[in-house]
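1. dropping the sequence and predicted coords here.
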Amino acid sequence: MAETINQWAVITIVLSGIALVIGVYFIRTGNREAHMRAMLTASALATVFLVLYLTRLGLGYEKKYIGPYRGAYFALLISHIILAAANLPLALGALWNAWKGLKAAGNLGNITAPAAAPYFRRHRAWVRWTVPVWLYVAVTGWIIYLLLKSYGEVIKGG
Ligand code: HEM
């Protein structure tokens with residue numbers, strides 16, 4: 001049961017990373033509407049991930065790493081955990097400014113309107129951090145999952 005939840009958690013966070021990359025591609029090619037949809041999809045998938053992850057924690061499922069290069073594994077794990085915690089406020093800051101900007105603009109064709117422009121300026125400032133952190137968390141999450149699949153020993157739950 002916990003193993004299945006874990007698998008779905010990894011699938012949702014990887015899909016959220018893919019939606020994020022697609023969303024960046026859309027804004028680079030000037031498709032704001034598609035950008036918004038891709039980013040809302042990425043955020044929804046990350047929310048599902050969080051629910052699954054917390055459920056798994058609640059079930060008390062834990063694995064211990066018993067492979068080689070333990071120092072490197074823990075450096076990866078700790079950086080992943082710190083940046084995963086930072087990702088939530090970063091994503092909320094990006095979404096909040098995009099939402100306020102959209103409300104002020106009325107539609108996505110009007111983002112340079114004086115009332116909307118400062119929000120999108122702040123949106124750009126937030127996403128400069130949000131996107132790399134999110135990608136790092138998604139990629140390292142996947143690596144940690146694969147490492148634990150080969151070198152993990154269940155110590156609690158299962
Ligand atoms: C957490 C989710 C989101 C992330 C990570 C994100 C990421 C980005 C990125 C990387 C850019 C390009 C920044 C640049 O050119 O320097 C951007 C621009 C933009 N985003 Fe988002 N975005 C998100 C959600 C949204 C949403 C929900 C909307 C719609 C309401 C939106 C509307 C826009 C617009 C209109 C721009 C162009 C701003 C401009 O050129 O001034 N974004 N976003």
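-> Received the coordinates, thanks.
2. return the distance of the helix or strand hosting S43 from the chain's centre.
-> In the assignment (DSSP states H and E), S43 maps to helix 32-59. Relative to its parent chain, helix 32-59 has a centroid offset of 7 Å by C-alpha atoms, centre = their mean, to the nearest Å.
3. sheet-wise, list the partners of the helix or strand that it is followed by with their directions.
-> Per DSSP H and E, the first helix or strand lying C-terminal to helix 32-59 is strand 62-65. With DSSP bridges as the test, strand 62-65 is paired with strand 152-156 (antiparallel).
4. quick one: the partner strand to chain centroid distance?
-> With C-alpha atoms, centre = their mean, you get 25 Å for strand 152-156.
5. for that strand, buried residues please.
-> Across strand 152-156, burial judged by 16 or more other C-beta atoms under 10 Å covers G152. For the C-beta atoms, the positions are set from N, CA and C on the backbone; glycine is no exception.
6. okay, the angle between that strand and helix 32-59?
-> Relative orientation of strand 152-156 versus helix 32-59 (axes from the mean of the first three to the mean of the last three C-alpha atoms, to 10 degrees): 60 degrees.
7. pLDDT on strand 152-156, on average?
-> For strand 152-156, the mean per-residue pLDDT is 86.
8. ok, residues contacting it?
-> Contact with strand 152-156 is made by G60, Y61, E62, K63, K64, Y65, I66, as judged by C-beta atoms under 8 Å, 6 or more residues apart in numbering.
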